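Engineer: Generate coordinates for the sequence data below:
(2 chains, ligands or ions: 1)
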Amino acid sequence: MSRAYLNMGISEKIKDDLKNKIQRNLDRAYITRVLKILGTRPILSAYGSTFASESDKILNIASIKSLKNAYSGRYPVAYGSLFLPYEMIHALGLAPFLPEVMAGFTGGLGITDKTLKEAASKWYTPDLCTFHRSAAGAVELEIFPKPNFLLCANLACDAAQKTFYIDAVKYNIKDNYYLLEVPFTKDKTGIEYLANQIQNICEDIAKKTGKKLDMDKFSKTISLSNQFRHWAIKLNSIRKKLYNYPENFNGLNFILPFHGLAGTEDAVKVYRSMYFEFKKLLEVQDAAPKNKSKKRLLWLHLKPYYKNRIFNVLEENNYILGFEEINYVYWPELDTARPFESLAVKMLSHPLNGSIDNRICAIQNMVKDYNIDGAILFSHWGCRHSNGGARIIKDSLNKSGVPLLILDGDCLNKNNSSEGQMLTRLQGFIEIINSSYK
Amino acid sequence: MFTCGIDVGSVSAEAVILDKNNDKKKICAYIIAPTGGDSKEAALSVFNSALKKAGLQQQQIESVVATGYGRQNIPFANKNITEITCHARGVVDFFPQTRTVIDIGGQDSKVIKLDAGGNPLDFLMNDKCAAGTGRFLEVMSKALDINLENFSEIFKKTKDKVDISSTCTVFAESEIVSLIGHGADKNKIIKGLVYSITNRIISMVERIGLEEPVCMTGGVAKNMAVVEALSEKLEVKIYVPSEPQITGALGAAILAG
Ligand code: SF4
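Structural biologist: Residues are numbered from 1 along each chain as shown, chains lettered A, B, ... in the order given. This next block holds a predicted model:
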């Protein structure tokens, strides 16, 4: 049996077990019980053989730990939207929970039909992205842990600020709902404006949790974030040259560690161990450089999280993902002495903030750095920020001689995309790239 | 050397047998038949009929390439290639200078952009609905109780049109039923319908960037009303191959060599 590499941070076998049990007992108390035993020593040793590598094991354990904490009731839970600097949540001693990311997990668990149905019955419009709709359904069904705080930002994606507010109303914690208003420009005023908001929110939450703002903890968290960044950059630099990934590796599965674990030891460990594993692979490749014939694609935005054949088709045609937009390290090293400003800079450096030119510039850099032959933008239903720029991105890439396929689909709702059509477009695109190499 | 291309679409299946000698190639036989409910069966049936028509045995066919939505389901094919590449290749055989291909089939439509050498550069396919496809026209012809074959003539002789606001097949059908109920002239409705499907295709052509010469293929290319309306709206001449339904299978047969 091939060992599935990272899958939302949960290995296939663990996921299959979870899936069956959770599908049968769809409630928060049951999930808490399942999570309680997962990640414990005896279970891990029983499941140990399914880990694809050491880094896979570290990531699995870290992901389960993060979920366990959120469900345990031992820590105040903070819902966070995707582009938030999670360092602030870790430094405040809160257990982060990422509803959008965990909505991806509902896809993997095969419960999206139920969460989407629930969301529909609560008037969530079907033109809203399914990450938000599925998360909203999971909150309504009380599958997700109960939040104590809800933090969101208007960076790139504007839906969480609305859906989180509905969650805050449901749990009667409107005062614990925070919105970071991110300005469009990364200038002095913008940085100050955002840094003040981050600081105020942190002070307010610290007060509400009966703690004083621990600046040492903030500095330590920022320092860990820098270490994670350091290893992520090193890992990415190996990927620039690597043509042979570990079996079943998919770079699109790293949203949780890249965002939700930023500022933790776990993120540092995951990326450091992955770096050393990939370095070994590069050494093997350099010793016998015959397998450099693969074509390299840049993947923009996300992928479908239900079972599909997209990546099998790429593999069968000798294509790999040279890189994924979501793994791009876009922010500079952070200043441990100025945590709030640093986190503001991190947010403002995101290529999805501000003009579409920022995203295009980042994409063009990735194309150059990662030796890219073609790009695929997965046009996820309802994602305005990503789909809105598709045409300009296509024009820009075409100008540089890089073909772009805009692949329409839905990351979570398999009923909203036809696999046959998707695969025909993908195969047609591959044929176009291949014919241009003849 | 003989090769065969098989195009299994959602509505019809086609087979083309090609005799390739040195640089010359000749179509020995082609078959067009409805796909029905079993795409595998349809592929085998058009293959056998084409062999019979060409007076050949299966062993004499060097290579078979399958294309179309059922392409992966044809056990006797040596290879499968998408309809995007196959249509492009087939069209270039009819009109070597073609730079834009508009293909409207039974249940999907696509626009393919070609480079000067006839290689596909980019493409667009319609969404997962029947709007802008042959199915749209079929449903409307049933709702109007007027044979599709008469659409061209009616389109030509009718001056005015009734605007059809729905592009969705289901909504357009009920719109038509209510128009008839309100006594609208059926001929004008047909004119409106043809423009409606054309508008859908035009937006795809514009997205990909129109370049001449333009060639149209697929079953709907046999409907001169649509060809004329497209030509009028795009302000270009539209070339249609003598048999526009076999370009996919022909391209597959060419690529099979
Ligand atoms: S896919 Fe787009 S709309 Fe959906 S959560 Fe992500 S950024 Fe927001």
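Engineer: Could you pick out the longest helix of chain A?
Structural biologist: Using DSSP state H, we find that the single longest helix of chain A is helix A:215-239.
Engineer: Buried ones in that helix, by neighbour count?
Structural biologist: In terms of neighbour count (16 or more other Cβ atoms under 10 Å in any protein chain shown), helix A:215-239 has its buried residues at A:218-232, A:234-236, A:238-239. The way it works is simple: take the backbone N, C-alpha and C, and place the C-beta from them, glycine included.
Engineer: Skipping adjacent residues, who's closest to A:H385 in space?
Structural biologist: In this structure, A:H385 finds its nearest non-sequential neighbour in A:A156, 4.7 Å apart by Cβ to Cβ, 6 or more residues apart in numbering or on different chains.
Engineer: count of residues packed around the one you found?
Structural biologist: A:A156 has 19 neighbouring residues, counting by other Cβ atoms under 10 Å in any protein chain shown.
Engineer: go on, B:T247?
Structural biologist: 31.
Engineer: Spit out the contact partners of the closest residue to it other than its chain neighbours.
Structural biologist: Excluding the flanking residues, the one nearest B:T247 by Cβ to Cβ, 6+ apart is B:G90, at 3.4 Å. Contacts for B:G90 (Cβ atoms under 8 Å, 6 or more residues apart in numbering or on different chains) come out as B:G5, B:T217, B:I246, B:T247, B:G248, B:A249, B:L250, B:G251, B:A252, B:I254.
Engineer: Same question for A:N371.
Structural biologist: Taking Cβ under 8 Å, 6+ apart, we find A:N371 in contact with A:K240, A:R296, A:G322.
Engineer: Likewise for A:D167?
Structural biologist: A:Y79, A:P99, A:A136, A:V139, A:P147, A:L150.
Engineer: one more time with 6 Å
Structural biologist: Residues counted as contacts of A:D167 (Cβ atoms under 6 Å, 6 or more residues apart in numbering or on different chains) are A:V139.
Engineer: quick one: it from A:Y177, how far?
Structural biologist: A:D167 sits 8 Å away from A:Y177, going by Cβ to Cβ, to the nearest Å.
Engineer: so where's the stretch 301-438 of chain A uncertain?
Structural biologist: A:437-438 (pLDDT under 70).
Engineer: and the residue of it found nearest chain B, what does it touch?
Structural biologist: Nearest to chain B in the stretch 301-438 of chain A, going by Cβ to the nearest Cβ, is A:G428, at a distance of 3.6 Å. Neighbour list for A:G428: B:T82, B:I84, B:F123 [criterion: Cβ under 6 Å, 6+ apart].
Engineer: Return the subset of these lying in strands.
Structural biologist: Using DSSP state E, B:F123 are the members of the contacts of A:G428 that sit in strands.
Engineer: Need the buried ones from the contacts of A:G428 selected in ChimeraX.
Structural biologist: Command for ChimeraX that selects the buried part of those, burial taken from 16+ other Cβ under 10 Å:
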select /B:82,84,123
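Engineer: show me which of the contacts of A:G428 neighbour chain A.
Structural biologist: Among the contacts of A:G428, the residues that sit close to chain A (Cβ under 6 Å from any Cβ of the partner chain) are B:T82, B:I84, B:F123.
Engineer: Mind jotting down where the helices sit in chain B?
Structural biologist: B:39-54, B:83-94, B:134-144, B:151-157, B:169-181, B:186-208, B:224-234, B:247-255.
Engineer: Spell out which parts of the stretch 1-150 of chain B neighbour the ligand.
Structural biologist: Residues of the stretch 1-150 of chain B lying close to the ligand (Cβ under 6 Å from any ligand atom): none.
Engineer: Name the nearest residue to residue 122, sequence neighbours excluded.
Structural biologist: Chain wasn't specified; assuming chain A. The shortest distance from A:K122 to any residue other than its chain neighbours is 5.5 Å, reached at A:E140 (Cβ to Cβ, 6+ apart).
Engineer: That was the other one, I meant chain B.
Structural biologist: Closest residue to B:D122 apart from its sequence neighbours, by Cβ to Cβ, 6+ apart: B:K113 at 4.6 Å.
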